[in-house]
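Engineer: here is a sequence together with a model predicted from it:
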Amino acid sequence: MSSDRPPEYEIQHIPPRLHATFDGKVSYPEKGDSRERENNFLSRTLAAFAMLHLTGCSTEEAADALVDGGMDGGIDAAHHAPTSNTLWLVQSKFFETGRGEPDLGDVSKFCDGIEDLLCGNWPAFQKNPAWVKKLTDIQRLFGDPSLRVRAVLVYTGVNTVSDGRLTLLERVESRHNHDSDDDYFQYSTYNLVSVHGWLTGAEEAPGVEQVELDIHQPGLVTSPYKTIYGRVRLADVAALYETHRAKLVDANLRRFKGLTAVNKRIRETLTEEPEHFFYLNNGLTAYCQQFDVAALDRSNTDKKRITAKGFSIVNGAQTLGTIHATEDAGDGYVFLKVISLEKCDDENAFARRITESTNFQNQISPRDFAALDDQHDRIAQQLLLDGIHYHFKEAEDVPDSDDTNFTLEDAVTALACLERQSDCALCALLLSNRKAIWSGELTYPADKPEFTLCQRLFRAERSARTVWRVVQVRRIVITQLNAQRPAQGVLRDFYENARWLVLHLLLLRERLEQGSTLNLTADERQRAVDQTIVIADAVWATAQTLGLVSAAEPYTAQRHFKSILCSADDCKRLKGGALQRLYQQTPQPPAGAGTEGTGS
């Protein structure tokens, strides 16, 4: 039943942040029971939190923006941002389960209130004390032709806003904007995923807020995108990495992987002939939100000092890391190109293109490109709030998987086993050709042709909680099967290669991904431990029944078990037989059980 569904994972982080930000600044409701008062407080402070994030105002200004109450026109918060000369109007709704969308009636009231403001119907707000304090300033604002108005629906449901509600806002927009290019009035909607992104910083651009660099013998391109390139001293690059570390290459496909064979050759050049490094290395590519050349260097053709904001190195992480790791690097230079995204229509899309295109020439694996999917960063940011670290990019400092750390490989194998597959193709693929999971080839469903296999596994609606729970189950299954594995023989072969089929069957039967807690409970862990062995025994017995392995010791097999479990057809046969055995082993209720009797 839907009522049994646990709350969405992201919702648990919202109330603590709202309380931490606004306790003592926003009054706590006095009417209603404790649950009603809490939800009322959270809805009000959600409006203030949205104002804080969207306008850059202070916490005090965000709290002062609240106007909700009787005769508020459906508007919960109003604030004027003087820098952009924009009046922000917010309606908010807190859903404690993390599901839902604003009521149609509430959105209609919101639109009516916006219309009253845009048409100067001030009496509509004069019975609301909070609005009365603002009306004089609001009236003055509407006398300025450069004023812009922004309406915001913010709510803590994962659902998107349905068309009926959006149509009401679109009508307001069409009535008050003179043409398609007019931006006098615009509206936006933000759901639970957006609000949670504000908490984690997921919507912030990757990279370093600001860096300063000297570029020698510079070249400058001004159109269509401002770009500067030239030579940068090795010592300056090493110092930059020392200061900012991984944040400098967050937008890259990979972080520094340590002194690999390729990186050792880079190091040899640095130590033996640093004066030639500029000529023998591809250099670094970076993008930024914008950069400026120091005023005194504008006419200097030998050197330009730049200040770059939102700076990310997107190609050359291995070169960068090796330069830093080489203590005796000589007095040489490395090539650097910096592209400004300031004039891009869609800076995120173009930044991604830069990252992908500049890396095609290098030894980059499909796995590295798969890690560029935004969903991995979303999952990592969300879990980080609970102290769980998702390492989806390769790097030298990735720790072993444990109770608080896991990798992209852990996640992708666990999620492949979670898929409700009838043909066992993914279980077989994990053994036969796991690299195929990273393929950029598009797959079904036909209505979503942009989906690769990896994108299907990490689809947007898959919560971070689900990912972490199945990774925990994966670890239990592998640990238990390894403990059962003998030193040699057919049984060793079986326990080594049956792990993905066993994990798939365990998730299929126990639904352990659906729990409400982030970490598996003690009971769930014990169920996973117990059922792993039960399921493995059922698969083994089915293999005997099918004649894939002898029923008498010493066991012999027709084929190596890896060969058997690499076949989707054989996996399907083993799965069907094992499920039948498991069903027969499950105690069945006696006849008539569940029917209420009429005893005394």
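Structural biologist: Arrived safely, thanks for sending.
Engineer: buried residues in stretch 220-228?
Structural biologist: Of the residues in stretch 220-228, 225, 226, 227, 228 count as buried by neighbour count, 16 or more other Cβ atoms under 10 Å. Every C-beta, even on glycine, is put in place using the N, C-alpha and C of the backbone.
Engineer: just the residues you listed: which are in strands?
Structural biologist: Among the buried residues of stretch 220-228, the members found in strands (DSSP state E) are 227, 228.
Engineer: dump the buried residues of stretch 220-228 to CSV, plus pLDDT and distance to residue 452.
Structural biologist: Shown next, in CSV, are the buried residues of stretch 220-228 (pLDDT from 0 to 100; distance: Cβ to Cβ, whole Å):
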residue, pLDDT, distance to residue 452
225, 85, 29
226, 90, 34
227, 93, 31
228, 94, 35
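Engineer: need the buried residues of stretch 220-228 in a markdown table with distance to residue 60, can you?
Structural biologist: Below are the buried residues of stretch 220-228 laid out as a markdown table (distance: Cβ to Cβ, whole Å):
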| residue | distance to residue 60 |
| --- | --- |
| 225 | 39 |
| 226 | 38 |
| 227 | 42 |
| 228 | 41 |
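Engineer: scan the protein for its longest helix.
Structural biologist: The longest helix of the chain (DSSP state H) is helix 522-545.
Engineer: that helix: which residues count as buried?
Structural biologist: 524, 527-528, 531-532, 534-540, 542-543, 545.
Engineer: and for stretch 401-420?
Structural biologist: Within stretch 401-420, the residues scored as buried using 16+ other Cβ under 10 Å are 401, 406-408, 410-419.
Engineer: what's the closest of those residues to residue 285?
Structural biologist: For the buried residues of stretch 401-420, the residue nearest residue 285 by Cβ to Cβ is residue 408; the value is 23.8 Å.
Engineer: thought that closest one was touching residue 376?
Structural biologist: Yes: using Cβ atoms under 8 Å, residue 408 is in contact with residue 376, at 6.9 Å.
Engineer: mutual contacts of the two, please.
Structural biologist: 390, 392 (Cβ atoms under 8 Å, 6 or more residues apart in numbering).
Engineer: any chance you could map the strands in this structure?
Structural biologist: For the chain, applying DSSP E gives strands covering 77-81, 86-93, 148-155, 185-190, 208-221, 227-233, 284-288, 290-293, 303-315, 333-340, 389-391, 405-407.
Engineer: rebuild those strands as TSV, extending it with distance to residue 122.
Structural biologist: As requested, the strands of the chain are exported to TSV (distance: least, Cβ to Cβ, whole Å):
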stretch	distance to residue 122
strand 77-81	13
strand 86-93	14
strand 148-155	15
strand 185-190	18
strand 208-221	42
strand 227-233	51
strand 284-288	45
strand 290-293	41
strand 303-315	41
strand 333-340	45
strand 389-391	52
strand 405-407	57
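Engineer: do you know which of these lies nearest residue 433?
Structural biologist: strand 405-407 (19.4 Å).
Engineer: and the average pLDDT for that closest one is what?
Structural biologist: Here strand 405-407 scores 95 as its mean pLDDT.
Engineer: partner strands of that strand, with direction?
Structural biologist: Neighbouring strands of strand 405-407 in its sheet, by DSSP bridges, are strand 389-391 (parallel).
Engineer: buried sites along the partner strand?
Structural biologist: Within strand 389-391, the residues scored as buried using 16+ other Cβ under 10 Å are 390, 391.
Engineer: read off the pLDDT value for residue 358.
Structural biologist: 53.
Engineer: neighbours of the nearest residue to residue 247 once chain neighbours are set aside, how many?
Structural biologist: Nearest residue to residue 247, sequence neighbours excluded (Cβ to Cβ, 6 or more residues apart in numbering): residue 208, at 5.8 Å. Number of residues near residue 208 (other Cβ atoms under 10 Å) recorded here: 21.
Engineer: so who does residue 208 touch?
Structural biologist: 244, 247, 248, 310, 311, 312.
Engineer: in the protein, where is pLDDT below threshold?
Structural biologist: For the chain, the stretches with pLDDT under 70 are 1-4, 202-206, 251-263, 329-330, 345-372, 395-397, 440, 442-450, 586-600.
Engineer: one more pass at 50, please.
Structural biologist: The chain contains residues with pLDDT under 50 at 1-2, 253-256, 360-362, 588-600.
Engineer: which residue ranges make up each domain of it?
Structural biologist: If you go by automatic domain parsing, the domain ranges for the chain are 2-200, 208-364, 384-584.
Engineer: what ranges do the helices span in the stretch 251-400 of the chain?
Structural biologist: Here the stretch 251-400 of the chain has its helices, by DSSP state H, counting those that start in this stretch, at 261-272, 277-280, 317-325, 347-359, 366-370, 374-384.
Engineer: buried sites along the last one?
Structural biologist: Using 16+ other Cβ under 10 Å as the burial criterion, the residues of helix 374-384 that qualify are 375, 376, 377, 378, 379, 380, 381, 382, 383.
Engineer: give me the buried entries from the contacts of residue 208.
Structural biologist: Buried residues within the contacts of residue 208, defined by neighbour count using 16+ other Cβ under 10 Å: 244, 248, 310, 311, 312.
Engineer: excluding its backbone neighbours, what's nearest the first one?
Structural biologist: Okay, so that is residue 244. residue 208 (4.9 Å).
Engineer: distance check, the one you found against residue 41.
Structural biologist: In this view, residue 208 and residue 41 are 37 Å apart by Cβ to Cβ, to the nearest Å.
Engineer: likewise for residue 584?
Structural biologist: Plainly put, residue 584 is 54 Å away from residue 41 if you go by Cβ to Cβ.
Engineer: show me which of the two is the more surrounded one.
Structural biologist: The neighbour comparison of residue 584 against residue 41 (other Cβ under 10 Å) goes to residue 41, with 20 against 9.
Engineer: tell me how far the more buried one lies from residue 51.
Structural biologist: Distance, residue 41 to residue 51, by Cβ to Cβ: 16 Å.
Engineer: pretty sure residue 39 contacts residue 97?
Structural biologist: No: between residue 39 and residue 97 there is no contact under Cβ under 8 Å: 11.1 Å.
Engineer: nearest to residue 477 among the buried residues of helix 522-545?
Structural biologist: Distances from residue 477 to the buried residues of helix 522-545, taken by Cβ to Cβ, are shortest for residue 532, at 5.1 Å.
Engineer: ok, now which ones touch the closest residue to the closest one other than its chain neighbours?
Structural biologist: Spatially, and ignoring its direct neighbours in sequence, residue 532 is nearest to residue 480 (4.3 Å; Cβ to Cβ, 6+ apart). Taking Cβ under 8 Å, 6+ apart, we find residue 480 in contact with 529, 532, 533, 536.
Engineer: wait, which of those is closest to residue 394?
Structural biologist: residue 532 (29.5 Å).
Engineer: who does residue 313 bridge with?
Structural biologist: Bridge pairing for residue 313 - DSSP bridges - gives residue 286.
Engineer: tell me the spacing between it and residue 336.
Structural biologist: Noted for residue 313: a distance of 9 Å to residue 336, by Cβ to Cβ.
Engineer: higher neighbour count, the two?
Structural biologist: Set residue 313 next to residue 336 and count neighbours by other Cβ under 10 Å: residue 313 wins out with 26 against 22.
Engineer: the more buried one against residue 288, yeah?
Structural biologist: No: look at residue 313 against residue 288 with Cβ under 8 Å: they stay out of range, at 10.1 Å.
Engineer: which non-adjacent residue is nearest residue 298?
Structural biologist: With Cβ to Cβ, 6+ apart, the residue lying closest to residue 298 is residue 304, at 7.8 Å.
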